[in-house]
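> Build the 3D model from these lines:
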Amino acid sequence: MHLRAATYGRTLPNRVQGGEIRHEYITACFCSRSPDGLPTSSISCGFSVTWNNHDMVAFGKLFTMDADFVNVGGLWWRGRKEIQMQHAWSHGAIPLETKGFDVADRAYYGIFKSSKMQFDRIDVRFLRKDVAVARVSWKLLGDARTPNPRIGLFMFVVTRQDSEWLIAAAQNTEIDRVAK
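So this is what the prediction gives:
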């Protein structure tokens, strides 16, 4: 199933409140529906919204507790807490003195604090009614390390837990990588 983002490059006002992504924003972002009517693309929309608002608490809630995330540099983060912490560090959303980061990590502190992530295409393949693979093409503007836009492809394995879709695994691949 191939979909185009309905709100690519636009912001819908008053849709993210108190760190919670409201359902009407999610369904406005993508037109995809799972076999049982749930919005499977809420993950990709929630990802870009929380990224662009640099709200790493809400960002972390997009992942299962035992999720895996492999970033464009090949670093493998395990569990919601580590995924959220690593992203909060790169967004400058936690103090520079936060424990668990050393002097070498300082080069990455806040590199995404002014960035904007845009998704323009999503392909979803259901493996089961409650498990899907989503491939999402992205464009990143505002990386502090380069004036050039970055582009790439996410692969999300998403699973439905109760009534919400969560990311169980994510792999990020950059195309023509410009930032190291």
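
> which strands and helices sit next to the helix or strand where Val57 lies?
Following DSSP states H and E, one finds Val57 within helix 56-60. For helix 56-60, the elements it packs on are helix 42-52, helix 80-90, judged by 3 or more Cβ pairs under 8 Å, 6 or more residues apart in numbering; DSSP states H and E. All C-beta atoms are positioned from the backbone trio N, CA, C, and that covers glycine.

> Kindly reformat those helices as JSON lines containing mean pLDDT and mean neighbour count.
Formatted as JSON lines, the helices and strands packed on helix 56-60 follow (pLDDT from 0 to 100; neighbours: other Cβ atoms under 10 Å):
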{"stretch": "helix 42-52", "mean pLDDT": "83", "mean neighbour count": "24"}
{"stretch": "helix 80-90", "mean pLDDT": "98", "mean neighbour count": "20"}
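
> so can I have JSON lines of those showing distance to Glu97?
Formatted as JSON lines, these follow (distance: least, Cβ to Cβ, whole Å):
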{"stretch": "helix 42-52", "distance to Glu97": "24"}
{"stretch": "helix 80-90", "distance to Glu97": "11"}
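
> Buried residues, the helix holding Val57. List them.
Met56, Ala58, Phe59, Gly60 (16 or more other Cβ atoms under 10 Å).

> buried ones in the helix or strand that that helix is followed by?
The element immediately downstream of helix 56-60 (helix or strand, assigned by DSSP H and E) is strand 63-70. For strand 63-70, burial by neighbour count (16+ other Cβ under 10 Å) applies to Phe63, Thr64, Ala67, Asp68, Phe69.

> Any figure for the gap between the third one and Arg150?
In this structure, Ala67 and Arg150 are separated by 23 Å, where distance is defined by Cβ to Cβ, to the nearest Å.

> now do the second one
Taking Cβ to Cβ as the measure, Thr64 and Arg150 are separated by 26 Å.

> And the helices and strands packed on helix 56-60: which comes nearest Ser137?
helix 42-52 (10.0 Å; Cβ to Cβ).

> where are the low-confidence patches of the chain?
Applying pLDDT under 70 to the chain flags the ranges 1-44, 178-180.
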